[in-house]
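*Asks:* prediction below, plus the sequence it came from.
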Amino acid sequence: MPLPNDTPSHKKSTVPRKIGVLTSGGDAAGMNASVRAVVRYGISKGCHVYGVYEGYQGLVDGGDRIRRMDWKSVRGWLSVGGTSIGTARCMPFKTREGRLKAAENLVHNGIDSLIVCGGDGSLTGADVFRSEWSGLLEELRAADRITEEEATTYCHLTIVGLVGSIDNDMAGTDITIGAVTSLHRICESVDSIGTTALSHSRAFVIEVMGRHCGWLALMAGIATGADFVFIPERPPMEDDWESTMCAVAHRHRELGKRKTVIIVAEGAIDKSLKPIRPEYIKDILTDRLGLDTRVTTLGHTQRGGSPAAYDRILATVQGVCAVDAVLRSTPDIPSPLIGMTSNKVTCGPLMKAVELTHEVAKAIGEKNFARAMELRDPQFAEEFNAYTASTIVDDESDLLPPHLRLRIAIVHMGAPAGGMNAATRTAVRYALNRGHTPFAVYNGFPGLVRGSIEELTWIGVDGWTSRGGSELGTNRAVPGEEVDMGMVAYQLQKFNIQAIMIVGGFEAFSALIELDKARAKYPSLCIPIGLIPATVSNNVPGTDFSLGSDTSLNSIIDACDSIIQSARSSRRRVFVVEVQGGKSGYLAVEGGLATGANTVYIPEEGIKLERLQSDVRHLMALYLDDAADKAEGRIILRNEKVSKTYTTDVISSILKDEGRGLFDSRTAVLGHIQQGNTPSPMDRIHATRLAMRCIDFVEQHTHEALEKAHVLGESVPIELTSAPESIAVVGLTGAEVHFPSVRELLPTTDVINRKPVKAWWFEHRGLVDLLSGRGLFTPEAQASLEEK
Ligand code: ADP
């Protein structure tokens, strides 16, 4: 999620702005991270930042509900769910009288800008407030509640919106703060319910939040492999949807499934807008299929808990952009909304986003479901199709004509990464729906050479969505290097493999390079080969995200939260935490941003002695500035490959010695914990989408040769394609899936350091230090602290 190009550099503004920040409406995990970023980044830009407690109620009440925030007031907030400045539904703010009081309180506190984090209701309220502002000031002046000077000084109010909503129901952004965490909670619950459902061979109907938005229900359905989902934007199109649902559940049972899981959004409806209630679904499943069915309403568990890594990062970078938007604002610019489109932070007109959001509910009300789907982010419809095609449609309606059907091998390569199994499951099921024959290659290319290949079945991959590691077994050996290419070609021909889907990291990318080179020699390699990037290091060229990288970040934040808690509970201690990533600093930088690390050491920068010295001085200043009796835990993330000299132990010893007793230091090497246990929902969802697109990709690249042979009545050739673009990475670029070929990617690949030359996340590097207080102390302040 790169920052917008126009983000100004970190220079201080000359006139201090007074910014109020509030959270409003339903609470969402990550709101605290956004407040922290607004406070700290605002201070770093010379602004005065005020926390408005209890949402708009705090504005109306004033007094101690509007408090000046300092750097330390938001310490530790990244990992805290909900919102620590409180939120409320405030009826008075819906009245002009209430807003008049709010305006008076803002003026008396000298606040000229408001950053509001909330849902569409809160943001509508914010815009109403801004549009009325001059009228409110006139009224206050007329009643002598503010002075003439105040009326002139505060004649403009700047409003910037951040979208905090678990439903992901806002237009103008692909994703809202809190939605991913909520999805984590849902998936944890559905996974748990799954084990009991399986034990008793039961059916469960699970209701999730989402009155007008099916994002949570659909994504949970994809991420947990649910049998059926009901969402408001796309009701079942059949009159008798009950029979369709029962047919699907029945087919799945016949194939061998022991559990049935149906996910229903709160606002699910049928095509005549009649609500579809969980209890009704339960009765249908019980009466018609005789299934022992239970209903579970997840309710407020969906709002709770510590924010997922994604929400912490999203809220942080958006909070930074919100402050920049305040500093850029002029009276004639409409209030902006900070969004996220195609993995880029955006700044668009707030009111337009609110209007479009209301249009979804209107379109649903008018039964214009196509429009409702269109108004969602572009991935939504694609995800819906991926879900349907990989989970539900096994009724032969998607079958290809026999001559276009393929024998597809699936290989896992490199270290295990969350989502490898989910990708394999989707590929197998979607391939079967198309009439292909999917094969598992066990233990990577060495397994292929040994002939360790087996046909995969629909039921054989059941439950794989939520399984970590690699069910097929993964191996680092690269064909043409550690594995004999001639044997690879021989086995592919022997098993008549006509397409390959590789799931893996940089080794897999190296395999593509070698396979591409060897095509001239071996006709059996002239088949389409798609690589689904899967590695915790996120260093595969041609994609913004690799499967496993999100799971890994979540493991890192869990571990770091515990480490910080332990350090804080005992003494003043700095932990040097070693993270993986090979020669890529992705995990350190994004992990650093998500945990509030003091700094990060990454291969892209290396470590110099001066840098360590400056870091020690900064840590000393921070500890000197802490309250005397306060034990504070701080962490530094060090990438495993950053330096041979400055190892994790060496850095920790230097910190301890140079810290002159102000703080102690310890190390923690997270090691294989980072490969995660259960894959994160984001990794599962990406896996599903990429796997389906990979099958489309191999079909596309074999179509011409297979059609030609069919028309001419010839036997199917071994060589199906030698086009360079048929060996490609199936990558995510922003919101899109692209298929950059290995040849296209090579010029932008740093092969020696095993990563792409440029990485989007590097823009976040500076924020890690900035938000941990670098630049907080002038050299004089630092010297005076040290003197004490
Ligand atoms: P959300 O922001 O999560 O959609 P609500 O719709 O409950 O939540 O809105 C939160 C608060 O925003 C309301 O309690 C109210 O104070 C304020 N608000 C909502 N709509 C308006 C409006 N049209 N005018 C003024 N304030 C509003």
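*Replies:* Thanks, I have it.
*Asks:* leaving out the residues flanking it, which one is nearest to residue 91?
*Replies:* Nearest residue to residue 91, sequence neighbours excluded (CB to CB, 6 or more residues apart in numbering): residue 98, at 7.7 Å. (Glycine included, C-beta is placed from N, CA and C.)
*Asks:* what sits against that neighbour?
*Replies:* Neighbouring residues of residue 98 by CB atoms under 8 Å, 6 or more residues apart in numbering: 56, 60, 90, 91, 92.
*Asks:* what about the closest residue to the ligand within the stretch 201-350 of the chain, how many neighbours?
*Replies:* In the stretch 201-350 of the chain, the residue that lies nearest the ligand is residue 211 (10.2 Å; CB to the nearest ligand atom). The local packing of residue 211 (other CB atoms under 10 Å) involves 12 other residues.
*Asks:* report the separation between it and residue 31.
*Replies:* 20 Å (CB to CB, to the nearest Å).
*Asks:* which SSE is the residue sitting nearest the centre point of the chain in?
*Replies:* With distances taken as CA atoms, centre = their mean, the residue of the chain nearest its centroid is residue 310 (4.3 Å). Using DSSP states H and E, residue 310 maps to helix 309-328.
*Asks:* likewise for residue 566?
*Replies:* helix 549-570.
*Asks:* residue 83 too?
*Replies:* Counting by DSSP H and E, residue 83 is part of no helix or strand.
*Asks:* tell me the contacts of it?
*Replies:* Contact partners of residue 83, counting by CB under 8 Å, 6+ apart, are 23, 27, 28, 31, 32, 35, 117, 164.
*Asks:* so residue 707 lies in a strand, does it not?
*Replies:* No: counting by DSSP: H, G, I helix; E, B strand; the rest coil, residue 707 is not part of a strand but helix.
*Asks:* how many neighbours does it have?
*Replies:* 13.
*Asks:* also the one 4 residues further on?
*Replies:* A count of neighbours around residue 711, defined by other CB under 10 Å, yields 9.
*Asks:* just checking, it is part of a helix?
*Replies:* Yes: assignment of residue 711 by three-state DSSP places it within a helix.
*Asks:* let me know the pLDDT of it.
*Replies:* We have a pLDDT of 97 for residue 711.
*Asks:* for residue 403, see how far away it is.
*Replies:* Taken as CB to CB, the span from residue 711 to residue 403 is 9 Å.
*Asks:* what sits against whichever residue of the stretch 651-788 of the chain sits closest to the ligand?
*Replies:* Per CB to the nearest ligand atom, residue 681 is where the stretch 651-788 of the chain lies closest to the ligand, at 22.0 Å. Applying CB under 8 Å, 6+ apart, we find residue 681 in contact with 180, 183, 184, 186, 187, 219, 220, 223.
*Asks:* give me the three-state assignment for residue 379.
*Replies:* Taking three-state DSSP, the label given to residue 379 is helix.
*Asks:* what's the following helix or strand after the helix or strand harbouring residue 704?
*Replies:* Using DSSP H and E, the element containing residue 704 is helix 681-712. Per DSSP H and E, the first helix or strand lying C-terminal to helix 681-712 is strand 727-729.
*Asks:* now do that next one: which elements does it pack against?
*Replies:* Packed against strand 727-729 by the contact rule (3 or more CB pairs under 8 Å, 6 or more residues apart in numbering; DSSP states H and E) you find helix 506-518, strand 529-533, helix 742-745.
*Asks:* which one of the ones you listed is the most hemmed in?
*Replies:* strand 529-533 (a mean of 30; mean count of other CB atoms under 10 Å).
*Asks:* any regions of this structure where pLDDT drops low?
*Replies:* 1-15, 392-394, 788 (pLDDT under 70).
*Asks:* residue numbers of it in contact with the ligand?
*Replies:* Proximity of the chain to the ligand, by CB under 6 Å from any ligand atom, involves residues 24-26, 56, 89-90, 93-94, 118-122, 124-125, 128, 165.
*Asks:* in strands, which of those fall?
*Replies:* residue 118 (DSSP state E).
*Asks:* can you pull the buried residues of stretch 134-151?
*Replies:* 136, 137, 139, 140, 141, 145, 146, 150, 151 (16 or more other CB atoms under 10 Å).
*Asks:* which residues touch it?
*Replies:* Residues outside stretch 134-151 that contact it (CB under 8 Å, 6+ apart) are 96, 99, 100, 103, 104, 107, 108, 154, 155.
*Asks:* which one (most neighbours) among these?
*Replies:* Neighbour-wise, the contacts of stretch 134-151 (other CB under 10 Å) top out at residue 103, 24 neighbours.
*Asks:* where's the nearest residue to it once chain neighbours are set aside relative to the ligand, distance?
*Replies:* Distance criterion CB to CB, 6+ apart; nearest residue to residue 103, sequence neighbours excluded, is residue 136 at 4.1 Å. Going from residue 136 to the ligand by CB to the nearest ligand atom, to the nearest Å gives 13 Å.
*Asks:* one more: residue 504?
*Replies:* 42 Å.
*Asks:* look up which residues are beta-bridged to that residue.
*Replies:* residue 413, residue 533 (DSSP bridges).
*Asks:* C-terminal to the helix holding residue 310, what's the next element?
*Replies:* Next element after helix 309-328 (DSSP H and E): strand 336-341.
*Asks:* before we move on, what SS does residue 398 have?
*Replies:* The three-state assignment at residue 398 reads coil, by three-state DSSP.
*Asks:* so how far is residue 231 from it?
*Replies:* Relative to residue 231, residue 398 is positioned 21 Å away (CB to CB).
*Asks:* quick one on the thing from earlier: with secondary structure as added columns, please give the contacts of stretch 134-151 in a markdown table.
*Replies:* Putting those into a markdown table (three-state DSSP) gives the following:
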| residue | secondary structure |
| --- | --- |
| 96 | helix |
| 99 | helix |
| 100 | helix |
| 103 | helix |
| 104 | helix |
| 107 | helix |
| 108 | helix |
| 154 | coil |
| 155 | coil |
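*Asks:* nearest to the ligand, of those residues?
*Replies:* residue 99 (7.1 Å).
*Asks:* surely the closest one meets residue 133?
*Replies:* No: here residue 99 does not reach residue 133: they are 9.1 Å apart, not a contact under CB atoms under 8 Å.
*Asks:* that older thread, redo the contacts of residue 681 as a markdown table? Include distance to residue 748 and secondary structure.
*Replies:* Output for the contacts of residue 681, formatted as a markdown table (distance: CB to CB, whole Å; DSSP: H, G, I helix; E, B strand; the rest coil):
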| residue | distance to residue 748 | secondary structure |
| --- | --- | --- |
| 180 | 29 | helix |
| 183 | 32 | helix |
| 184 | 33 | helix |
| 186 | 38 | helix |
| 187 | 35 | helix |
| 219 | 31 | helix |
| 220 | 36 | helix |
| 223 | 32 | helix |
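*Asks:* from these, which single one is nearest residue 270?
*Replies:* residue 220 (20.3 Å; CB to CB).
*Asks:* before we move on, the earlier item: and the residues of the chain next to the ligand, which are buried?
*Replies:* Looks like these have 24-26, 56, 90, 93, 118-122, 124-125, 128, 165 buried, using 16+ other CB under 10 Å.
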